[in-house]
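What shape does this take:
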Amino acid sequence: MPKAKRIAVPVTMRALIQRINRALAGKNEIVKAARTEAQKEKVGSFFRVDLDSHIVNEKHVDPEKLGRKLGVLQPWEQLADE
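Predicted coordinates for the structure are as follows:
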C-alpha cells in the first residue's frame, strides 16, 4: 500500500500573528508588524513588544519559528503564500 501524501494546511500570516498574540497575552507581550520602511530597518518586519513598559523586547522576529516554538503552528500547518 502506498504511503499517503501529507497535505499541509495553509495558515495566513494574519491568523498566525493572532495565534501568537493570544499565546503571549499571559506574558503581557505582543508581536507587531512594522508599518514603514524606516521601522523595518530598525526592528525588522515583525517585532515583540512588552505591553507594560512599551519596550521592544525582540527585533527581527520570525513569526513562523515563534509560532512553532509556542505550539500555535502545528506540524501539519504551513504559512500560506500571500
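
List the contacts of stretch 29-49.
17, 20-21, 24, 50-51, 55-63, 66 (CB atoms under 8 Å, 6 or more residues apart in numbering). C-beta coordinates here come from the backbone N, C-alpha and C atoms, glycine included.

Now intersect the residues you listed with the helices, please.
17, 20, 21, 24, 63, 66 (DSSP state H).

So the first one is in contact with residue 61, correct?
No. Proximity of residue 17 to residue 61 does not meet the contact threshold set by CB atoms under 8 Å, at 9.9 Å.

I figured residue 63 hits residue 16, correct?
Yes. If you go by CB under 8 Å, residue 63 and residue 16 touch, sitting 5.4 Å apart.

joint contacts of those two?
What both residue 63 and residue 16 touch, as defined by CB under 8 Å, 6+ apart, is the set residue 79.

Poorly predicted segments of the protein, please.
1-2, 4, 82 (pLDDT under 70).

which residue is nearest the centroid of it?
With distances taken as CA atoms, centre = their mean, the residue of the chain nearest its centroid is residue 63 (2.6 Å).

Pull up the gap between that one and residue 5, please.
Distance of residue 63 to residue 5, given as CB to CB, to the nearest Å: 26 Å.

ok, back up a step: Serialize the ones in helices among the contacts of stretch 29-49 to CSV and add fields for distance to residue 77.
Compiled in CSV, the ones in helices among the contacts of stretch 29-49 are given as follows (distance: CB to CB, whole Å):
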residue, distance to residue 77
17, 14
20, 13
21, 17
24, 18
63, 13
66, 14
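
Among these, which one has the most neighbours?
Top of these by neighbour number is residue 20, holding 23 neighbours under the definition other CB atoms under 10 Å.

so where does the closest residue to it other than its chain neighbours fall, helix or strand?
Closest residue to residue 20 apart from its sequence neighbours, by CB to CB, 6 or more residues apart in numbering: residue 31 at 5.2 Å. Using DSSP states H and E, residue 31 falls within strand 29-33.

Give me the next element, helix or strand, following that strand.
helix 37-43.
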